[in-house]
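Engineer: test case, fold it:
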Amino acid sequence: MRRFLLILWLLWAAPQWLSPVWAARIVALESQPGRVIVTADGPLPVAHAFALSDPFRLVVDFVGVVGPGVSAPGTNSVSALRAAMFAPGTARVVIDLKAPVIIREARADGNQVVISLERAPADVFAATVQRGRRPLPLLRNDGPPPPPTPATGSFSLPADFGKPRSEAPAPRPADKPPEKPAERPPEQPAPPPPEPAAQVAPASGPPSSPRVRSRTGGKPLVVIDAGHGGKDVGAIAVTGGYEKDVTLAIAQETARLLRSSGKVRVKFTRDDDRFIPLGGRVRIARAARADLFISIHADSAPNDQARGASVYTLSAVASDAIAERLAARENKADIIGGVNLGVEAPEVGEIMVDLVRRATSNVSVQFADTLQDALEKQDINFRGEFHHFAAFAVLKAPDVPSVLLETGYVTNKDDADRLFSDKGRRAVARGIARAIEKHLTGQ
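Structural biologist: All right, here's what the predicted structure looks like:
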C-alpha cells in the first residue's frame with residue numbers, strides 16, 4: 001500500500017521536478033468581464049494558445065508549473081477557469097466558454113498575465129480552432145499594440161450543426177490540442193485592426209464607427225421591425241398588456257427621433273397592428289437594401305424576477321440555454337398565422353451558411369456593442385451580459401447587418417411598468433436612435 005501511494009505521489013510530482021528550476025508557479029486565476037488574469041509567483045516568459053469546440057474552450061500553455069486545485073469561476077461568456085500540469089515544464093490554463101470567444105491579446109505585467117477576450121462569430125472561432133496551437137505573444141504595457149487577429153473569410157457548418165449543445169464536461173487537468181489537418185486551405189489576408197466598422201470592436205469599450213456607405217446612395221437606411229403584431233400578441237405582461245403594443249410604440253418613437261434628426265432614412269416592417277411572417281420581415285429588409293436591421297421585442301420568463309434588456313446577433317449555436325429557448329419561441333411566431341415558413345420563404349432555410357459571413361456578422365456584433373453603450377446612457381438595466389448569440393429566423397438576411405433587441409421582461413413588474421409607460425419607452429427609443437445614428441453616420 002505504501003509503495004502504491006509513493007508511486008501516485010511521484011506521478012503527480014514528477015512533472016514539477018522535471019520543470020526548469022527557475023519556472024514560475026501559477027498560484028491563482030481570476031475571471032473579469034472581458035479578460036482573464038493569471039497570477040504566478042514569478043514572471044511567466046512564454047505562452048502558446050489554441051481553441052477547442054464542443055464545448056467551446058480556449059487553452060493557454062505557459063512555461064511554468066502549477067499545483068493541484070487551481071481554478072476559479074467565470075464571468076459573462078467565461079463559465080470557468082482551471083489549471084493543471086500538462087507536461088513537464090508546461091502549465092496549462094483552460095478557459096471554459098459559454099459562447100465563441102477569442103483572445104485579442106495577452107499582456108505580461110510583473111507576475112501577472114492579463115488575457116483580453118472578445119466575442120467572435122461562429123466562423124471566426126472555427127477558424128481559430130482550425131489553426132491549432134500557436135505562439136501567444138506576451139506584450140508588455142509599454143510594448144507595441146497587438147497585431148490584428150487573423151481570420152478566415154470562409155465558413156463551414158460544425159459537425160454537430162442542428163444538435164443541441166451538450167453540457168460541458170467536469171473539470172479535467174488538461175485538454176489535448178486539435179490534430180493538425182492533413183490539408184489546410186490557404187490563409188486569407190489578415191483583416192485591418194478592429195477600429196473600422198467592418199471589424200469586431202474590442203469588448204473593453206464602445207466602438208468608434210466611421211460613416212457607413214449606403215447601399216442605395218444618399219443617406220443610410222435602417223429597417224425597424226416591431227416584433228409580433230396582429231393575431232400574434234407576443235408575450236403577455238403581468239399587467240395584462242401585450243408585447244406587440246410595446247414593440248410598436250418603441251419602434252414608432254425611434255423612427256420619430258431619427259426622422260426629426262434627418263441623418264438616416266427609416267423604414268418599418270410594420271407601422272400598425274398587423275401580422276407579418278418572419279420570412280416577410282427578412283424580405284422587406286433585403287428588398288429595401290437596408291444598411292441595418294433592428295428587430296424590437298420584449299421578453300418573458302416563468303421567473304418573475306428575471307429582468308433587463310439584452311441584444312442578440314445571429315449564430316447557429318446559441319450562447320446560452322436562455323438564448324436557445326428564446327430563439328425557439330420567437331421562431332414559432334409563423335405558426336400562429338398558419339404559415340409554413342419553409343413554403344413562405346424557402347430561401348431562409350438555405351442561407352444559413354451565407355448569412356454567417358464574417359463581414360455582415362462582424363458589423364452586427366459591432367452595432368450590438370454600440371447599442372449597449374447608448375442604452376447604458378439611458379439607465380437601461382441589462383440581463384447579465386448584454387450581448388448574446390442565437391439562431392433567430394428574423395436575423396437571417398445574409399447581406400443586412402441585423403440585431404434583435406429584447407427591451408426587458410414584461411413578466412417582471414419593474415420592467416413592465418417601464419415598458420408600458422411613455423417615459424420608459426421614450427428612454428429605450430432614445431438609446432436605440434442614438435446607437436443607429438452613431439453606427440450609420442459615425443456621429
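Engineer: all contacts plus neighbour counts: C-alpha atoms, from now on.
Structural biologist: OK.
Engineer: so for stretch 269-280, what gets flagged as buried?
Structural biologist: Thr269, Arg270, Asp273, Phe275, Ile276, Pro277, Leu278, Gly279, Gly280 (16 or more other CA atoms under 10 Å).
Engineer: and these, which is closest to Gln32?
Structural biologist: Leu278 (37.4 Å; CA to CA).
Engineer: do you know the pLDDT at that closest one?
Structural biologist: In this prediction, Leu278 carries a pLDDT score of 79.
Engineer: for this protein, just list every one of the helices.
Structural biologist: Using DSSP state H, the helices assigned to the chain run over residues 2-17, 122-131, 243-261, 278-287, 321-331, 333-336, 341-344, 352-355, 358-376, 413-419, 422-441.
Engineer: low-confidence ranges in the stretch 51-200 of the chain?
Structural biologist: Along the stretch 51-200 of the chain, the model assigns pLDDT under 70 to residues 88, 141-200.
Engineer: go with 90
Structural biologist: Along the stretch 51-200 of the chain, the parts satisfying pLDDT under 90 run over 53-54, 62-69, 75-77, 85-91, 99, 104, 108-111, 118-124, 127, 130-200.
Engineer: likewise the stretch 201-350 of the chain?
Structural biologist: For the stretch 201-350 of the chain, the ranges with pLDDT under 90 are 201-218, 239, 277-283, 285-287, 299-306, 310-350.
Engineer: touching, Ala368 and Val403? I think so.
Structural biologist: Yes. Contact criterion CA atoms under 8 Å: Ala368 and Val403 qualify, at 6.9 Å.
Engineer: for the two, list the residues in contact with both.
Structural biologist: Val311, Tyr312, Thr313 (CA atoms under 8 Å, 6 or more residues apart in numbering).
Engineer: how far away is the last one from Ala127?
Structural biologist: So that's Thr313. With distances taken as CA to CA, to the nearest Å, Thr313 is found 19 Å from Ala127.
Engineer: more neighbours, these two?
Structural biologist: Thr313 (28 against 19; other CA atoms under 10 Å).
Engineer: let me see the ranges of the strands in the stretch 51-200 of the chain.
Structural biologist: 57-63, 65-66, 70-73, 78-87, 90-97, 101-109, 112-119, 134-135, 138-140 (DSSP state E, counting those that start in this stretch).
Engineer: to Gly234, which of those strands lies closest?
Structural biologist: strand 112-119 (29.6 Å).
Engineer: packing partners of the closest one?
Structural biologist: Judged by 3 or more CA pairs under 8 Å, 6 or more residues apart in numbering; DSSP states H and E, the packing partners of strand 112-119 are strand 35-40, strand 101-109.
Engineer: which residues sit against the last one?
Structural biologist: Surrounding strand 101-109, the residues in contact under the criterion CA under 8 Å, 6+ apart are 43-44, 51, 58, 77, 113-120, 125, 128, 136-141, 146, 149, 202.
Engineer: mark which of those residues are buried, thanks.
Structural biologist: Buried among the contacts of strand 101-109 by 16+ other CA under 10 Å: 43-44, 51, 58, 77, 113-120, 125, 128, 136-139, 149, 202.
Engineer: related to what we said a few turns ago, tabulate the buried residues of stretch 269-280 in a markdown table, adding columns for distance to Leu258.
Structural biologist: As requested, these are exported to a markdown table (distance: CA to CA, whole Å):
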| residue | distance to Leu258 |
| --- | --- |
| Thr269 | 16 |
| Arg270 | 17 |
| Asp273 | 21 |
| Phe275 | 25 |
| Ile276 | 24 |
| Pro277 | 26 |
| Leu278 | 25 |
| Gly279 | 26 |
| Gly280 | 24 |
